[in-house]
Every structure is written in structure tokens, then in C-alpha cells.
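Colleague: No sequence on hand, only this structure:
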């Protein structure tokens, strides 16, 4: 453990020189052990898989030939019809050559259609059917051989591999009340994000006793949508030509107008929250710059420009001082730091070197993260984490072929580990964070609820949205839970779904036309009307892992329950459903216009 901590003092170097290969080795060995445990016949699977690929290739080639002959048949059917039309036209026009040509082409086409193509299509249809049955049989047989291995996969394996590779990194089974109490009571963590944020993924744990939690959140914000409309106008003008004649000229012009209206937008945001008692009075923030993409010359110019700003800030603010490392201060650029002594306590020369290496390194992500600190809480939000598959699905590894399955398992877990490691890397770059062990914390004896609101939100977001949203919903939805009561190891909750329906409205915007008159240009837009629906759910603990759950009486294809992180959620009754503006259902504003709500793109 001590050696692991020492190695982490230079995280980027440690990943490239040790952890990356070590994780791949651990993943490879784990898959091989899992294969032995499954007792599948790998050689038989490889043999059948190869036979399937050949059969599938043959099936594809036969399908291509069958499609070609069907295409030619359609061509000659069209040709025959055209020839008959030509024949009839030749008779009516008494054109002997057209009659002969039309009759000849029609006869040849019909002969080809009902002899050559009919036989070929029947022949290849039968061959394709046989090839399809053979390929399907081999595919099913390959899956049958490998299925005992596939059945051993579960979501926890990836976390165990991460933990084995970096022993100081410990993951919880779920974000439980004890961990939540620790983060909130000791470090000031707050998970009450109101009705505009719903948690879709959560992963908690600790590094050397210091707690962390990854959050993936669906965020609702109001923004502005621009809608455009048009109106075509016509008018005439009269003029006298060069010969003295009066002429009339017709004009056409399309007038355009636009309006800006409020619209709800939704986006996913993933961040790491980390608690550490070091530098408890310090707060700062910094934003990503992707400086690793700059050439050396442009980076030097960028650093000099930023450092001039830092010097100006130091002159204006007597509490702010340059740190003495021009490159680090410019690239990290925590210009709003509010405690210089504690900032220097964190960012020692080694920490500055580590952080600069991460920011300027082109492998694997560079400066793709925003970082902030508020007292004892640290926040890291990276670009790569936004595409990180936090909620692992064992089905991602599935394949009929054991070698493809092995490749899927290793590559997907490598990506997972890399993403997690480099979200921690900015924090691990600070030696004091690895050296600071938290003081003792006195936990509560009894908690008012068994499961955190974040885990509850994750579970409901894993279920079909239709279970919770108002039936008129056309947008995304924010799902929030409120705690009702605790019954032993069970919790009863109410889920409130906040969403919107839309109604078409039309604004008429005056626009000056080329005829010298003002015209009212219709601009259709969407009015978003809030909807709300409440549904009862129950949470309970199942003492089983994902593999055991798949074979238990609790599983199945029903959309009324789900299982994740050892917690089982069951759906109850709808309590309340409300449309905040029922009077707005009238679409009278759009009367006379060819407008449909489906014409609008909803994000």
C-alpha cells in the first residue's frame, strides 16, 4: 500500500509506465480465470465461430445474388410494360418499326422474367434459406457453448479490477447512508440539487480514507430558441416602355421574420466530488483550455499572455500573488484563489510539475478538465467523463466468439479504468492529498432512511420513463424522489416527474415589403407547458449480486422493477397527475396555418 501511494505521487508517469499495463494484465488474467471457472470448451467455440463466419459470408453472398436477380426482374418488368406501351403507340400511329420493336422487347422481357429470372430467383431463394438456417444454427450453437461464461459477468468486476490495480482506490457497493453522512457531516457535501437536476449515475468510495463520489446528472435549464417564419407577397407595377406603351410587371417577394422564445434544454453532466481536510480554508476554480493541442510556440505565447494578466491581478489585489512558476500559474490559472498560503501548501513544486505534465501531455486526455475547490470539497469535471460508461452493463462484453468476447472485456475495461484514473489524476498530483488521512468521524447510530436519495434517483432513471412521466410529455423529464417512510430495511418514496407538453402558437411580426406596405409575417413557435406526475416506489435490499439476481425470482422482463448496486426497486401506483395550464390546450392561434408540432425539433 505504501509503495502504491509513493508511485501515485506522479500519477501521469505512473499510469504510462505501470498502471496501464498492469490493468491490462489483471483484466487478461481475470478473463482467463473466469473462462476456466465457466468450464466452456474454448476450442469448440472457436471452431463453431469460424464455421459461423464462413456460413454468414456465404449467406451474405447469396443474399446479394438474390437481390441482384430480383433487381433485374424488376428492370425487365418495367421494360416489358414500356415495350407494350410502345407497341400500342405503334399500332395507333401505324408505325411498323415501333410495333416490331415493342413486340420484340416485350416478348424477350417476358421470356426472361418467366424463365431465367423465375428459375434463378427460386434457386437462390432456396439456397439463401438453407444458408440462413445453417448460419443461424451455428450462431446459436456458438452462443450455447459460451453462455456459461457470459452468465458469470457482473458489473462489479470492473471495479474490482480497478481496485486490484490501484489498491488505495476502494469502491463502495453503493452510495450508502454511512458514506453520505461522512461526506455531508464532515466535508459539507450537499445532494439536494432541487427540481432541475436528477441523478442518473453514482459511484462512491475512498482513497486512503478520503471519500469521493462520482455523479452523473441530468440537468434542466431554460434557454432561448429562435423560430422563423415566412410570407410570400405579390404585387404589380406599371411602367411605360421606350415606345410609349404601358406595361405591367408582376413581383414576388418572400418576407422572413423570427422570434426568440424560452425553451427547456437538457444535458448530462458527470463530475467527481472528493473530500479532503487539507487546505480547508481555500477555494478556487479553473477551466480547461486544451493547451496540449497548442504548438510549443503558441503555448509559450499563451503562457506569456496569461502571466501578464496574473501580474496585473497581483498589482490590483494585494491578497493575490504570483506563485513563481510562470508556466504552471498560467496554465492552471486559478486566478480566483482566496488563500495564498494554503494554495502554496497544496501546490508544492512537485504538485506544480505533476499538474503541468497533465495539462500539456497529449496522452491520453491533456487539459480536458475543470477543477474547483470549496473548503474541504474538490470538484473535477472532465470532457472524457461525459462519455464514460459509469453504469456498467455486462451485455457490453457479450459475443458468440470467446476471443471477441475477451477483446470486448479487456478493451472496455481499459477505457473505464483510464477514464476513472485521469479524473483522479489532478487530485493525485497534489502530494498532500495522498499524505492527509482524515480525522476520526462519529457516525450516527440510526439513519432516518435506508438508502440515499441519489441511489434512489439512479434506480428510477434506469426504468422506462413512461412509468413516471405525464402521458402528454414530449420533452425529457427530471425525476426527483421524496422520502415517505422507513419500514425496516425498506424505504417508501414518491417520485415526482417534471416535464413539458407543447402547444403551437403563432406571432405575427410586421415586416416592410418591397411593395412599400407592412405585412404581418406569421412565425409559429412552441409554448412549453409544465407537467407533473407523482408515483409511489419502494426500495429494498437484496443480498445477492447481479449474477444471482439474473436467476432469482425477482428478475424478469417486467418494466415494474429494477435492480442495481444491490438495491431492488418496485413500482407502485400513480398518486397525482397535473397539467399546470389546461386552458392552454387550445391551438386556435395556429388556425389556418399548415403547422404541426411534429414539424418542430425538440431537444
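Modeller: Received it, and whenever you're ready, just let me know what you need. This one's a predicted model, so the numbers in the text were calculated from it and none came from an experiment. Numbering: from 1, shown residues only.

Colleague: so where do the helices sit in the stretch 151-300 of the chain?
Modeller: 156-165, 177-187, 296-316 (DSSP state H, counting those that start in this stretch).

Colleague: domain parsing for the chain?
Modeller: The chain breaks down by automatic domain parsing into domains covering 42-150, 174-273+444-603, 278-435.

Colleague: Of all those domains, which one is nearest residue 9?
Modeller: Among the domains of the chain, the nearest to residue 9 by Cβ to Cβ is domain 278-435 (5.5 Å). For the C-beta atoms, the positions are set from N, CA and C on the backbone; glycine is no exception.

Colleague: What's the end-to-end length of that closest one?
Modeller: 9 Å (Cα to Cα, to the nearest Å).

Colleague: and that domain, what's its mean pLDDT?
Modeller: Taken as a whole, domain 278-435 carries a mean pLDDT of 92.

Colleague: what's the answer for stretch 230-242, then?
Modeller: For stretch 230-242, the mean pLDDT works out to 91.

Colleague: contact partners of that stretch?
Modeller: Contacts made with stretch 230-242 from outside it, assessed by Cβ atoms under 8 Å, 6 or more residues apart in numbering, are listed as 246-257, 511, 513-515, 519-522.

Colleague: Filter these down to the buried ones.
Modeller: Using 16 or more other Cβ atoms under 10 Å as the burial test, the contacts of stretch 230-242 include 255, 257, 511, 513, 519, 521-522 as buried.

Colleague: just checking, which of those belong to strands?
Modeller: 255, 257, 511, 519, 521-522 (DSSP state E).

Colleague: and the residue nearest to residue 199 when sequence neighbours are not counted, how many neighbours?
Modeller: Nearest residue to residue 199, sequence neighbours excluded (Cβ to Cβ, 6 or more residues apart in numbering): residue 457, at 4.1 Å. Look at residue 457: counted by other Cβ atoms under 10 Å, it has 26 neighbours.

Colleague: got the contact list for the one helix or strand residue 457 maps to?
Modeller: For residue 457, the host element (DSSP states H and E) is helix 453-461. Helix 453-461 is touched from outside by 174-176, 180, 191-192, 198-202, 213, 215, 218, 391, 468, 479-481, 483, 491, 493, 495, 537, 539, 562, 564-565, 567, 569, with contacts defined as Cβ under 8 Å, 6+ apart.

Colleague: Filter these down to the buried ones.
Modeller: Buried among the contacts of helix 453-461 by 16+ other Cβ under 10 Å: 174-176, 180, 191, 198-202, 213, 215, 218, 391, 468, 479-481, 483, 491, 493, 495, 537, 539, 562, 564-565, 567, 569.

Colleague: Tell me which entries of these lie within strands.
Modeller: Short answer: the buried ones among the contacts of helix 453-461 in strands (DSSP E) are 198-202, 213, 215, 218, 479-481, 483, 491, 493, 495, 537, 539, 562, 564, 567, 569.

Colleague: So what does the spatially most central residue of the chain look like in phi/psi?
Modeller: Per Cα atoms, centre = their mean, the C-alpha nearest to the average position across the chain is that of residue 387, at 5.9 Å. Here is the backbone geometry of residue 387 (degrees, to the nearest 10): phi -110, psi 10.

Colleague: who touches it in this structure?
Modeller: With Cβ under 8 Å, 6+ apart, residue 387 has no contacts at all.

Colleague: Check the average confidence over stretch 144-156, would you?
Modeller: On average, stretch 144-156 scores 93.

Colleague: Not counting its own residues, what contacts it?
Modeller: By Cβ under 8 Å, 6+ apart, stretch 144-156 touches 34-35, 37-41, 44-45, 48, 173, 391-394, 397-402, 405, 409, 545-547, 550.

Colleague: Could you list the buried residues of it?
Modeller: By neighbour count on 16+ other Cβ under 10 Å, the buried set for stretch 144-156 is 145-146, 149-150, 153-154, 156.

Colleague: ok, back up a step: turn the ones in strands among the buried ones among the contacts of stretch 230-242 into TSV, including distance to residue 430.
Modeller: As requested, those are arranged in TSV below (distance: Cβ to Cβ, whole Å):
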residue	distance to residue 430
255	61
257	55
511	60
519	65
521	59
522	59
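
Colleague: Save those as JSON lines, and put in pLDDT and distance to residue 422 too.
Modeller: Output for these, formatted as JSON lines (pLDDT from 0 to 100; distance: Cβ to Cβ, whole Å):
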{"residue": "255", "pLDDT": "97", "distance to residue 422": "53"}
{"residue": "257", "pLDDT": "97", "distance to residue 422": "49"}
{"residue": "511", "pLDDT": "96", "distance to residue 422": "53"}
{"residue": "519", "pLDDT": "96", "distance to residue 422": "58"}
{"residue": "521", "pLDDT": "97", "distance to residue 422": "52"}
{"residue": "522", "pLDDT": "97", "distance to residue 422": "52"}
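
Colleague: Show me which of the residues you listed is closest to residue 26.
Modeller: Distance to residue 26 across these (Cβ to Cβ) is lowest for residue 257, with 62.5 Å.

Colleague: Thanks a lot, see you next time.
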